[in-house]
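> Structure for the following, please:
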Amino acid sequence: MANGTIAFDTLQTSGQITGTAKSVDTDYVVNGSAAWVKSIGDGTPTISVSFNIASLTDNDTGDQSYTYTNGMSSSNYVSMATAIDDDTAVTVQNLNADTSALTRVHSHQDSDGAAIDTDGKNITVMGDLA
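Presented below is the predicted three-dimensional model:
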């Protein structure tokens, strides 16, 4: 089987999808990308499922770093996170503001703010890939 190249500027459906979003410019597909991860485990978390996340580092209680497989083009991206546990708040903290390679996430109890490991976290990152 020979390998080849396909070049095009717009992706378009064959009309089987209802609604108004039936085509998208390929620049959006290439440049407007995301990363996401679901980590699980209280104490030593692991990656359950992910897209564009290479690794998870457990820095301390309630403190994990998620490194991207393909970094962002700059540190101007958006990260959001949620905890799987009740009564737990999650803070996205990019302690390395000059990096485009990772997102650092902290979890703490709502009641007193103490750092706490959770049963898991869900993180989404949106921005332009390098």
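> all contacts plus neighbour counts: C-alpha atoms, from now on.
OK.
> partner strands of the helix or strand where M80 lies, parallel or antiparallel?
Applying DSSP states H and E as the criterion places M80 in strand 78-83. Partners of strand 78-83 in the sheet, by DSSP bridges, are strand 120-127 (antiparallel).
> Need the residues that contact the partner strand.
31-42, 45, 72-73, 76-85 (Cα atoms under 8 Å, 6 or more residues apart in numbering).
> Now the buried members of the residues you listed.
Neighbour counting over these (16 or more other Cα atoms under 10 Å) leaves 34-40, 45, 72, 79-84 as the buried ones.
> if we can go back for a sec, I'd like the average pLDDT over the strand holding M80.
For strand 78-83, mean pLDDT is 86.
> Which parts of this protein are helices?
Here the chain has its helices, by DSSP state H, at 26-31.
> Can you tell me which residue is spatially central in it?
W36 (2.9 Å; Cα atoms, centre = their mean).
> Next up, the contacts around that one.
Contacts of W36 (Cα under 8 Å, 6+ apart): 50-53, 122-125.
> Tell me which stretches of the chain form strands.
10-12, 23-25, 33-40, 46-51, 53-60, 63-68, 78-83, 88-92, 102-109, 120-127 (DSSP state E).
> All set now, cheers.
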